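Trainee: Need coordinates for the following:
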Amino acid sequence: QVQLVESGGGLVQAGGSLRLSCAASGRTFSRYNMGWFCEAPGKEREFVAAITWSGGDSTYYADSVKGRFTISRDNAKNMVYLQMNSLKPEDTAVYYCAAAQYITGSIYYPKNYDSWGQGTQVTVSS
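Mentor: Reported below is the predicted structural model:
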C-alpha cells in the first residue's frame, strides 16, 4: 500500500478552477492505478476520475466531469493531480485520492482501491 495526502481544496465561485494534488509515498508509485472520488453530505462516495499505469496511462472520467476535469500524474514526483475547471455548485464535496496496484474489478468502484487519503474539501458557491 501507499500513503496518500491530498491538498488543494478550498472555496471557489461557480465557473472557477481548482487543482487538487495527491502526494504518494512508495517506490513503486508508477505501477499504481490512481483515482479521485468525491463524497457529498448524505451521498455515497462517487467515482470522479482515474488514471491507470498500464497501457500508457489511460484516463477515465465520470460523465458529469468530462470536458471539465483532467487527471494527470507525475511519476518522478509521486504525484497525481485533478485539474477542475468550470466548477459547479454540485461539485461541492470532499475529494479523496485513492490507489490500487492491481484492480481486478472496475476502476469505477471505491471497493477496488486499497489506499485512501484523508480527503480535501471543495466548496463551490453559486
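Trainee: measure Ala50 to Gly42 for me?
Mentor: 24 Å (C-beta to C-beta, to the nearest Å). For the C-beta atoms, the positions are set from N, CA and C on the backbone; glycine is no exception.
Trainee: Between the two, which has more neighbouring residues?
Mentor: Each of Ala50 and Gly42 had its neighbours counted (other C-beta atoms under 10 Å), and the higher figure belongs to Ala50 (24 against 5).
Trainee: Spit out the contact partners of that one.
Mentor: Shown in contact with Ala50 (C-beta atoms under 8 Å, 6 or more residues apart in numbering): 33-36, 59-60, 71, 107-108.
Trainee: List the residues that contact the residue lying closest to Arg31 once chain neighbours are set aside.
Mentor: Across the structure, with C-beta to C-beta, 6 or more residues apart in numbering as the measure, the residue nearest Arg31 apart from its sequence neighbours is Trp53 (5.2 Å). Shown here is Trp53, whose contacts under the criterion C-beta under 8 Å, 6+ apart are 30-33.
Trainee: Perfect, that will be all.
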